[in-house]
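Asks: predicted model and sequence follow; I will ask about them next.
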Amino acid sequence: MIAVDCGAKGWYYASCRNCYKKVDDRKNVYKCPECGHLGSKPPLKFRLSVIITDGTGCITVLLWNSEATTVLGKTAREVKDSEPDFDPTSYPKVFESIMEKKVLLKISIERKNISNVDPVYTVVKVSDDP
């Protein structure tokens with residue numbers, strides 16, 4: 001892993017406790033647009049875009065919540081709460097710990113990746129076992 005792209009979408013999202021879809025977190029209260037669930041203090045989930053290399057080239061992969069938690073060793077809430085002056089577009093210092101980290105990734109290659117419609121591959125499994 002050589003870089004984390006925090007980008008316009010950011011590296012995390014607030015999710016519904018019922019269906020896990022993205023919700024708008026307004027003053028720690030939300031109504032899920034997908035299932036209609038009402039709740040407070042929605043859980044945070046990772047959506048981490050990472051640039052990786054194998055020495056022959058680079059690709060961008062997307063680490064969803066469980067895979068990003070495995071790589072970082074922390075939850076999205078723990079990362080956010082560890083930053084004293086948190087800014088949602090900021091680059092948390094804990095991301096430095098995964099630079100140059102060697103892991104085995106199983107990625108999903110879909111038709112949209114092959115036809116160059118979407119150059120971002122989704123990681124479906126992570127292993128850091130040497």
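Replies: Sure, I can see it.
Asks: give me the next element, helix or strand, following the longest strand seen in the chain.
Replies: Looking across the chain with DSSP state E, the single longest strand is strand 44-53. Scanning forward in sequence from strand 44-53 by DSSP states H and E, the next helix or strand is strand 58-64.
Asks: which other helices and strands does the helix or strand following that next one contact?
Replies: Next helix or strand after strand 58-64 toward the C-terminus (DSSP H and E): helix 65-72. If contacts are counted by 3 or more C-beta pairs under 8 Å, 6 or more residues apart in numbering; DSSP states H and E, helix 65-72 sits against strand 44-53, helix 76-81, strand 120-127. Where you see a C-beta, it was placed from the backbone N, CA and C, and this is true even at glycine.
Asks: any idea how far the longest one is from the chain center?
Replies: Centre-to-centre, strand 44-53 and its host chain are 4 Å apart (C-alpha atoms, centre = their mean, to the nearest Å).
Asks: go on, stretch 27-36?
Replies: Worked out by C-alpha atoms, centre = their mean, stretch 27-36 lies 20 Å from the chain centre.
Asks: counting neighbours, which bits of that stretch end up buried?
Replies: 30, 32 (16 or more other C-beta atoms under 10 Å).
Asks: ok, and what's touching that stretch?
Replies: 14, 16, 18-19, 21, 23-24, 37-42 (C-beta atoms under 8 Å, 6 or more residues apart in numbering).
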